[in-house]
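K.L.:
Got a predicted structure plus its sequence, pasted below:
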Amino acid sequence: MVMGRKGNNQEGQKVKTTERDVCLLERVNAFGFMSVEQIADFWQVEFSTAARRVRKLIEAGLLTRLDLGTLAARPLVVTRAGCALVGDTIPPMRGIRIGTYRHDTMVVDLALAMERRRFGATFETERQLKSQPGPVAGHLPDVILHMPDGRRVAAELELTQKSQQRLSDIMAIHAGNLALDAVWYVIVDEAMRPVLARVSADYPHIRIVKWTPPARRAAAQATS
């Protein structure tokens, strides 16, 4: 059990962490960052409930916020103390690339949605894959989903159009990875489908999957 671990806040007070807190710290560091909304989704609780607990973990020095400058978002990252508490050897994220922020934050939403829809499934993020021993060979997917039946499915979130040659090169790398049983190219815009369909035509294990992110789903519900 991991319940009863303690973190120190700036005033030296102790904050008792729960097993749920430990799971959260591991999850945040696996992605690199998460928002309070995503933490509420992960815990399946109200936003206010997640926000109160996040505030306690920040006070304990286990989480902190990153300032993205021109962006209003201030994502949460695990501190070194948080990594030490849970025994995570992946270094905490110290900065976020503004150019990939939209993609990276949507990968969090996608992974949480895939895990929830397939009860018993677990996943590895790109950060976790990079941290494994040995050299990193070729292109890594955004997420690898480990299905309850033992299958390994790579997921790539495609938000911007790549050249056919670049897509062909990446798909060839995935095809050569015999540890993968399937590859899902996840799109949010149907305009991405034609080129993906052309390039993947010779790969029967590759699927193109349409996905509606939480922000778009909420907007659609608000206007319906």
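P.N.:
Ah, there it is. This is a predicted model, so every value here is computed, not measured.
K.L.:
Next secondary structure after the lengthiest helix in the chain?
P.N.:
Ranked by residue count under DSSP state H, the longest helix found in the chain is helix 101-117. Next helix or strand after helix 101-117 toward the C-terminus (DSSP states H and E): strand 122-125.
K.L.:
going on from that following strand, what's the next piece of helix or strand?
P.N.:
That would be, after strand 122-125 and using DSSP H and E, helix 126-131.
K.L.:
starting at the chain centroid, how far to the helix or strand just after that following helix?
P.N.:
As assigned by DSSP H and E, the chain's next helix or strand after helix 126-131 is strand 143-146. In terms of CA atoms, centre = their mean, to the nearest Å, the centre of strand 143-146 is found 11 Å from the chain centre.
K.L.:
helices or strands up against strand 143-146?
P.N.:
helix 101-117, strand 122-125, strand 152-158 (3 or more CB pairs under 8 Å, 6 or more residues apart in numbering; DSSP states H and E). Any C-beta I mention is one placed from the backbone N, CA and C, and that applies to glycine too.
K.L.:
Which residues does it contact?
P.N.:
Contact with strand 143-146 is made by 107, 110-111, 114-115, 118, 121-126, 129, 152-155, 180, as judged by CB atoms under 8 Å, 6 or more residues apart in numbering.
K.L.:
10 Å instead, please
P.N.:
The contact list for strand 143-146, computed with CB atoms under 10 Å, 6 or more residues apart in numbering, reads 31, 107-108, 110-111, 114-115, 118, 120-126, 128-129, 151-157, 177, 179-180, 182-184, 186.
K.L.:
for this structure, which spans come out with low pLDDT?
P.N.:
Applying pLDDT under 70 to the chain flags residues 1-14, 119, 134-137, 216-224.
K.L.:
tell me the contacts of the most centrally placed residue in it?
P.N.:
A centroid search over the chain (CA atoms, centre = their mean) returns residue 108, at 3.2 Å, as the residue closest to the centre. Going by CB under 10 Å, 6+ apart, residue 108 touches 27-28, 30-35, 37-39, 41-42, 75, 125, 143.
K.L.:
Between the two ends of stretch 84-101, how far is it?
P.N.:
26 Å (CA to CA, to the nearest Å).
K.L.:
Helices along the protein, start to end?
P.N.:
Using DSSP H, helices in the chain cover 19-31, 36-43, 47-59, 80-86, 101-117, 126-131, 164-176, 193-199, 214-223.
K.L.:
got the angle for the first one vs helix 36-43?
P.N.:
Spelled out, it's helix 19-31. On the basis of axes from the mean of the first three to the mean of the last three CA atoms, to 10 degrees, helix 19-31 is oriented at 120 degrees to helix 36-43.
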